[in-house]
Structures are given as C-alpha cells and as structure tokens.
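> with the sequence up front, the predicted model follows.
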Amino acid sequence: MMLQPMSQPGSHRRSVRRMMWIAAVWSALGAATASAAAAANTVTPPRPTATPGNTAATAVADDTASTLSINLPDVTVTDHNGKPQRFVTDLIKGRSVAVNFIFTSCTSICTPLGATFKGMQDELARRGVGTSTRSTKDVHLISVSVDPLNDTPEELTRYARKFDAAPGWTLVTGSRKSIDAILRAFGVTPGADPNDHSPMVYLGHEPSGRWTRAYGLGEPAVLTRRLIGLATSPSSRSTTSTIGGTIGGATGSPTSGPTSAPPGGSTRTIASAAGSTNNVRPVAAAAATAAGGSAPDELAPVRKLAAGQAANASVQSAASGSSGVSYFTNLPLVSQDRPRLRFYDDLVRGKIVLINSFYASCADVCSPVSFNLANAQKLLDEQLDTPVQLVSISTDPVADTPELLRDYAKRHGARPGWSFVTGKKENVDWVLHKLGLYNEDKTQHSAILWIGNERSGAWLKLHALAPPEAIVAAVRKIL
C-alpha cells in the first residue's frame, strides 16, 4: 500500500518501497524508481528470459507453503529487563508460545501488533492462563525486535509499558547476528528496513512440536483460542521443531515465490501457512465476505485500518523514469482467458489500472481481498464511464496455471476487465520486482492495491481491503 526514498539496511530513514500494508502514511510515488530498484531488498529475482513464453509452468503436486521450514536457533538474546536469555531453552522450551516482530520507533503496524498481544494477554488472564508464575511457564508471548541496533532493553521496557506487558510477555533484542538468525528462522528477511517486517504471529506448542502462523492483527480471542488449541488438538498441517533444526519436517529454504507491493512502494501482508484452497463464497455474499472473507473476526481490525487509510490517501505523481514500458517491462505473460499477453502493452498502457498480488492456494487474506475487489469492480462498472482494468498477479506462477486462475476468477465473481496473471516464473517475478511486489516466499505477499492512471502518471496506494466505495473514490481522484 505505500512510498518514500528507500533506506539502506541499518539506516534510520523510513523505507519508500516496502512499508507495512497497514501503515497510515503512504510515501510519495516520486521515489518509485529508487524503491523498485531496491524492491528486492535482499533477493533479486532471476532476470526474465529473452525467449517469449506463452504458457504457465505446470502445477506442482505439493504445496510447499503448507509446511514451515524454520530454524530455531538457541542463540543468546537480551530481554527487556536486560537479562540474557537463550531463545529456545529459556523462552520457548516446554511452552505454548506466540511470537511476533516489532520495533520501538515503528509508526505503523507495531502498535496494532502490540495491542493484539495485549488483548491476548488479557484473554489468557480471563481464561486463568498466563497470569501466575506457574502459568507463565506454560504460555509465553515473545516480541522480537527487528531493529536490535536501536532497540535497547530500556527502549523495549518503555514500549512494554505502553501495553501493560505482564510476566509471560517478553520483548527481546540482542546482537545483529543473533536477531538475524531468529528472523531468518521465521522466514523474515534479516537486515532489511525495519518497516518491512512481518505482520504475522507464529503460534507454537514446543512439547508436541506443533506450529502454525496467523495474521498478527487478528482478533486476540481467536488467536488465543488457536494458541491454546495447539496443545490439545493435533493439526493435519502441524510441524515439528527441534533446537537448531527445522520446523516442519521439510528441508531447504522457504518456498521461492513472489511477494507484493506496486510501482516503487510496498508493504507486506502475509498469508496463512496453510496452503489449502480458500473456502470461497458466492459473489452474492460478497459484501459480507469482502468485509471479512472466510474469517471475518480476524480481518475486522484490518478493514478498519484500511478504511481509515483510504480516507487520507493522496495522489502522487510518478517520477521521471518510473513509468512507461521501460519501467513496467513488457514481458510475455498469460492470464486466465488469454494464452499470451504483454504486461505493459495489454494491461497498463494508457489505462486506469488497479494492481494487486495474490496466489490461488492462499488460505488467508487473498480470498477476502478478491471478493472485496469484485465488489469494487461492480461499483466501478456501475458508476464510472471510464473503463478500469484490474490486474491480479500470482505470486505462485508455477502452481497457478491459467485453468486454475480461470476457476479462481469465476468463484470470486470477476467480471470482464479483470486479468489474473501468471506465466513463466522468471517473467512474473521480474514484473513483481518492478512493481515492488517481489518476495522469495509467496506467502509473504502484500495486500497493497495500486491505483494508477498510466497516461497521466497519477498513482496512489490503498490497502486492498479498503471499502469498495473508497476504492471507487480513489479511482475518481486519478481520472
């Protein structure tokens, strides 16, 4: 959803391209070129092949997003009281744990994440869990700083006081090396701009080795129920953990796939680890579904933040060099209804466009976002004379074949003028990279919605769960 000059790792400047999707302040699109150049923060996708491709790769049999491959390093960290702790042995071993990622100078997602943990702390207390010395040995909330160079124990203590953090909620910092090892274990890019950190919460039950992850801005009661449930009911997608080993029984690095954030700016919304197909609903029920998708309770806080951001979104002008075919690329891709198209010529050139990213097997935010955009498309068709092109780019082009996307589009009520795009992985990855949406883990995609007038160079960013009426109003701003 957002833009500003990209900060270098370790820098104190705010990131232009990859601000969190729930940020209330969106940066200027004028830095699009610099942002997108750095859009691959730590990973640059392979450059596209010169040979045009007209088909998507065949679907893979296994959904690697269904299993977490995470290292749990038993490194030494420092808690907010200044006490050294072994990350696994002292904080996780033998407990049910919830882990999120914050930094104390954050002005966007961290406060809502802290409020969620505060709500979980209160819910645990209401249930009689996590409020006594004995119970804190059973359930533990852990907030890991993604900015250890600046987040001293004193800073973390001040931050903890804002949320009345009680025993059983530990905030940790440490050496760059130790924190990076933890971030890498949970699939969070180490050394990146702190604003790019993950909004996910990882829920685990160490004695049984069961882990899952959920949206970090979900309802505290729902997250608490899921956390407690890990200790009592095995999951078909459960994972195992060992100190210094992997969580999930799978070896290797996390799935290599795209993430999302449009021309020059970006923010991440991470989907659920579960790789099962979304429980989509008929478009007749889209109003309710778009508001909350298959999990309305968990997405209610997101919708509220998205509505507030949309009300304050302002139009920015693309900087020189950040528009046109030379910027967007004109690589060959495919869509659900076209065996061959060129990204710039067929989807962007001279058009009013809405661009987001998704993947068909996403089990969390993608389906609610798609239903929301279906409602927005209906309003746009009814209220505007100017055609609007919607473009949803798959962050899993290997699995998302045109046939699969055709079914996805139908189930979500897509109308003509909405292209669900896939293609050769290197081509799709490069397009996502140019838009600031690329990430090596497909589940780390963004819920940013780019709204642009390619002809005039006017762009703005919204959260893709912004109310359909707000999306229409944003389109009117750039006409």
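That came through, no problem.
> CA atoms for contacts and neighbours, from now on please.
Fine.
> ok, Leu380 - contacts?
Going by C-alpha atoms under 8 Å, 6 or more residues apart in numbering, Leu380 touches 388, 472.
> report pLDDT for it.
Confidence at Leu380, expressed as pLDDT, is 97.
> likewise Ala274?
27.
> again, but for Gly218
77.
> same question for Phe371.
96.
> in the strand or helix carrying it, what's buried?
Per DSSP states H and E: Phe371 is located in helix 366-383. Across helix 366-383, burial judged by 16 or more other C-alpha atoms under 10 Å covers 366-377, 380.
> just the residues you listed now: which is nearest Ala414?
Ala414 lies nearest to Ala374 out of the buried residues of helix 366-383, by C-alpha to C-alpha, at 5.7 Å.
> pipe the buried residues of helix 366-383 into JSON lines and attach distance to Gly417 per row.
Shown next, in JSON lines, are the buried residues of helix 366-383 (distance: C-alpha to C-alpha, whole Å):
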{"residue": "Cys366", "distance to Gly417": "19"}
{"residue": "Ser367", "distance to Gly417": "19"}
{"residue": "Pro368", "distance to Gly417": "19"}
{"residue": "Val369", "distance to Gly417": "17"}
{"residue": "Ser370", "distance to Gly417": "14"}
{"residue": "Phe371", "distance to Gly417": "15"}
{"residue": "Asn372", "distance to Gly417": "16"}
{"residue": "Leu373", "distance to Gly417": "12"}
{"residue": "Ala374", "distance to Gly417": "11"}
{"residue": "Asn375", "distance to Gly417": "14"}
{"residue": "Ala376", "distance to Gly417": "12"}
{"residue": "Gln377", "distance to Gly417": "9"}
{"residue": "Leu380", "distance to Gly417": "11"}
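> out of those, which is nearest to Glu123?
Pro368 (26.3 Å).
> report the separation between the closest one and Gln85.
Per C-alpha to C-alpha, to the nearest Å, Pro368 is found 40 Å from Gln85.
> for Ser361, same thing?
Counting by C-alpha to C-alpha, the gap from Ser361 to Gln85 is 38 Å.
> over to Arg476?
For Arg476, the distance to Gln85 - C-alpha to C-alpha - is 54 Å.
> which one of those two is surrounded by more residues?
Counted by other C-alpha atoms under 10 Å, Arg476 and Gln85 do not tie: Gln85 has more neighbours, with 17 against 12.
> what does the domain assignment say about this protein?
29-64+256-478, 68-247 (automatic domain parsing).
> can you flag the weakest of those by average pLDDT?
Ranked on mean pLDDT, the bottom entry among those is domain 29-64+256-478, at a mean of 73.
> residue contacts, Gly350?
By C-alpha under 8 Å, 6+ apart, the contact list for Gly350 reads 453-455.
> so who does Ala474 touch?
Here Ala474 is in contact with 310, 313, 451, 460 (C-alpha under 8 Å, 6+ apart).
> following the helix holding Phe371, which helix or strand shows up next?
strand 388-394.
> which parts of this structure are helices?
32-37, 110-126, 153-162, 176-185, 220-230, 286-292, 296-312, 325-328, 366-383, 402-411, 425-434, 468-478 (DSSP state H).
> for those helices, give me a markdown table that also has distance to Ser392.
Below are the helices of the chain laid out as a markdown table (distance: least, C-alpha to C-alpha, whole Å):
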| stretch | distance to Ser392 |
| --- | --- |
| helix 32-37 | 18 |
| helix 110-126 | 27 |
| helix 153-162 | 38 |
| helix 176-185 | 28 |
| helix 220-230 | 29 |
| helix 286-292 | 16 |
| helix 296-312 | 19 |
| helix 325-328 | 15 |
| helix 366-383 | 9 |
| helix 402-411 | 10 |
| helix 425-434 | 11 |
| helix 468-478 | 15 |
